[in-house]
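Participant: any chance you could fold what I've pasted below:
(2 chains)
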Amino acid sequence: QKEVEQDPGPLSVPEGAIVSLNCTYSNSAFQYFMWYRQYSRKGPELLMYTYSSGNKEDGRFTAQVDKSSKYISLFIRDSQPSDSATYLCAYSSASKIIFGSGTRLSIRP
Amino acid sequence: DSGVTQTPKHLITATGQRVTLRCSPRSGDLSVYWYQQSLDQGLQFLIQYYNGEERAKGNILERFSAQQFPDLHSELNLSSLELGDSALYFCASSVALTNTGELFFGEGSRLTVL
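Facilitator: Purely as a prediction, here's the structure:
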């Protein structure tokens, strides 16, 4: 079983839609939970990170963590064409940081 | 601009050859991470250094090695290259030793092995 499972997509939605991206994990040692965004031909950039169960908001982005069920989600409200990118979930423990395979998201104008 | 610099941006070489990828972390960051990204494998953790010392190893092949120098820049050496080593190699840095997950990535070095 992979430590992190993420639906690779691609996911295509119209501009203005609410987007939901999800990941599940198996390692209970993971302490920090992150979402990274990667534009084509660029390195990943950190969008949000949290270490506790619950919701964390940052503008149009909301990260949700459920440690008991071992999943995290990223919600994007009022999606824009500039949100088109690959979104990677990531988890860290004391010894390593593991990334999901990424979900390719396309926002149609 | 993340502040992490990687060179070269692109590299084309032949099977059996050896290459060196270089990374300069953000100013003040002591941790350097190397990742390999290919289409079918996603972003795979290779190795982490902190202040010159190896701290964690991931799925790094024996043909690959890395080091972090006193000025904190790091090099990833790939030898006896195979076609399957073609990938994007990312370097990332962070200020901390512990893995909070806040990494700053460079733009990557794209390696093509022919």
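Participant: hey, let's count contacts and neighbours off CA atoms from now on
Facilitator: Will do.
Participant: do a quick rundown of the strands in chain B.
Facilitator: B:5-7, B:10-13, B:19-24, B:31-38, B:42-50, B:53-57, B:64-68, B:74-78, B:87-94, B:104-105, B:109-113 (DSSP state E).
Participant: tell me the strands beside the last one, with direction?
Facilitator: When you say that, I think you mean strand B:109-113. Using DSSP bridges, strand B:109-113 pairs in its sheet with strand B:10-13 (parallel), strand B:87-94 (antiparallel).
Participant: could I get the strands of chain B as JSON lines with mean neighbour count and mean pLDDT?
Facilitator: Shown next, in JSON lines, are the strands of chain B (neighbours: other Cα atoms under 10 Å in any protein chain shown; pLDDT from 0 to 100):
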{"stretch": "strand B:5-7", "mean neighbour count": "20", "mean pLDDT": "97"}
{"stretch": "strand B:10-13", "mean neighbour count": "13", "mean pLDDT": "97"}
{"stretch": "strand B:19-24", "mean neighbour count": "20", "mean pLDDT": "98"}
{"stretch": "strand B:31-38", "mean neighbour count": "24", "mean pLDDT": "94"}
{"stretch": "strand B:42-50", "mean neighbour count": "22", "mean pLDDT": "91"}
{"stretch": "strand B:53-57", "mean neighbour count": "15", "mean pLDDT": "92"}
{"stretch": "strand B:64-68", "mean neighbour count": "18", "mean pLDDT": "97"}
{"stretch": "strand B:74-78", "mean neighbour count": "20", "mean pLDDT": "98"}
{"stretch": "strand B:87-94", "mean neighbour count": "26", "mean pLDDT": "95"}
{"stretch": "strand B:104-105", "mean neighbour count": "26", "mean pLDDT": "94"}
{"stretch": "strand B:109-113", "mean neighbour count": "20", "mean pLDDT": "97"}
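Participant: returning to that earlier point: quick one: closest of the strands paired with strand B:109-113 to B:D29.
Facilitator: strand B:87-94 (5.1 Å; Cα to Cα).
Participant: got the contact list for that closest one?
Facilitator: Contacts of strand B:87-94 with the rest of the structure, by Cα atoms under 8 Å, 6 or more residues apart in numbering or on different chains, involve A:43, B:4, B:6, B:23, B:25-26, B:29-38, B:102-112.
Participant: and for stretch A:86-93?
Facilitator: For stretch A:86-93, using Cα under 8 Å, 6+ apart, the contacting residues are A:6, A:23, A:29-40, A:97-105, B:99-101.
Participant: near chain B, which residues of chain A?
Facilitator: Listed as neighbours of chain B in chain A under the rule Cα under 8 Å from any Cα of the partner chain: A:31-34, A:41-46, A:49, A:90-102.
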